[in-house]
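[1] fold the following, please.
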Amino acid sequence: MLKLGFRPWGGPILPDLFTECFRRKKVFLILLLMARFPHAGELPYRLEPKWDYPFLGAGLLAAGLVIADERSLSGHSIDPSAFNRGDIPGYDRWVIGYYSPRLSLASDVLIVAEGLTPLALTGLDYHNQDEKAMEVWRDLVLYGEVVAYASAFSIYAKTFLIHPRPLVFTENAPMSERTNGDSRSSFVSEHTTGAFAAAVFTGYTFGLRHPESTWVPWVWTGALGAAATEGVLRVASGKHFPSDVLAGAALGAFIGYAVPRMHRFSSLGTKVGRDGTMSSDLLSRMEFLLEPIPSGVSSVFEFRIN
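    Modelled structure (predicted):
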């Protein structure tokens, strides 16, 4: 039995949970390595190098630029008294007072595990000879695009300074955290965006690669359950308001679905089915533009469907 205790404002008592998880991890890994999933044959999605690699590069560039911009803002301390808790809507204000460093640490550990899950499943397919090296490369490029754009959009949203982190208003939080420049903006939750992007990408692509597998609903349930837990931990730790988490979940889920869904169109403009077969000519035009603008770089991706 997994045990998780609670105490007021102090967050959960995690040792029992972590001890039990570590105790069981060897058994879980053995079962996972023994598992084999019914495979669909050739991957039911394609890469188009002439736009995929620029698309990935632009995403990485955008993520790098917004990360640098965010760090420049977070380098300056803030004055908690400059913020009015009355400006926070009622549907968010109720979480003010939550603060738990251990829950924050748990969310950091969980997001790493969630981010590695798609790579682990792809590696397992390769280990079981269900995927060839080139198919693994396709998965990695697609996932790279998901991670890059989920990071870029979630971090860029924070530059609008919608509202500070809840812990800014929490008196029992250390003043060093309340005045940290990183606390000036919390919308949207980067952790939750990344968690749902990875979860939806994992469930969707696993279902495409193994449409007949009985593991599909379990993969979806586990991935989305972990992502939802990530959102709860971010709120309970005092790092985010509920609106930050809900917006991040929606953004991440969209990116995690949209990227592999777009790649179900081949370079010849045909739609690729679940069984890897291709049908009618649907894609008539694909275009990617990267242009300099006064405030940075503008990227535009356009495709037309008949």
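
[2] not counting sequence-adjacent ones, nearest residue to Thr192?
    Residue nearest to Thr192 in three dimensions, not counting chain neighbours: Gly248, with 3.6 Å by C-beta to C-beta, 6 or more residues apart in numbering. Where you see a C-beta, it was placed from the backbone N, CA and C, and this is true even at glycine.

[3] what's around that neighbour, how many residues?
    Each residue near Gly248 was counted by other C-beta atoms under 10 Å, and the total is 30.

[4] element containing it, please.
    Using DSSP states H and E, Gly248 falls within helix 242-262.

[5] which of the residues in that helix are buried?
    For helix 242-262, burial by neighbour count (16 or more other C-beta atoms under 10 Å) applies to 242-249, 251-260, 262.

[6] packing partners of that helix?
    Helices and strands touching helix 242-262, by 3 or more C-beta pairs under 8 Å, 6 or more residues apart in numbering; DSSP states H and E, are helix 90-93, helix 133-158, helix 190-209, helix 216-236.

[7] need the strands for the stretch 1-150 of the chain, in chain order.
    For the stretch 1-150 of the chain, applying DSSP state E, counting those that start in this stretch gives strands covering 5-7, 11-13.

[8] ranking those by mean pLDDT, which is last?
    The minimum mean pLDDT among the strands of the stretch 1-150 of the chain belongs to strand 5-7 (a mean of 32).

[9] quick one, phi/psi of the residue nearest to Asn172 when sequence neighbours are not counted?
    Excluding its sequence neighbours, the residue lying closest to Asn172 (C-beta to C-beta, 6+ apart) is Tyr99, at 5.9 Å. Backbone geometry at Tyr99, expressed as degrees, to the nearest 10, gives phi -160, psi 130.

[10] Tyr99 against Phe169, yeah?
    No - taking contacts as C-beta atoms under 8 Å, Tyr99 lies outside contact range of Phe169: 10.2 Å.

[11] sorry, back to before: is it true that the residue nearest to Thr192 touches Ala197?
    No - here Gly248 does not reach Ala197: they are 9.3 Å apart, not a contact under C-beta under 8 Å.

[12] ok so, going back, any idea which of the helices and strands packed on helix 242-262 is most buried?
    Burial of the helices and strands packed on helix 242-262 is given as mean neighbour count (mean count of other C-beta atoms under 10 Å); helix 190-209 ranks first at a mean of 27.

[13] could you check the angle helix 242-262 makes with that one?
    Relative orientation of helix 190-209 and helix 242-262, computed by axes from the mean of the first three to the mean of the last three C-alpha atoms, to 10 degrees: 30 degrees.
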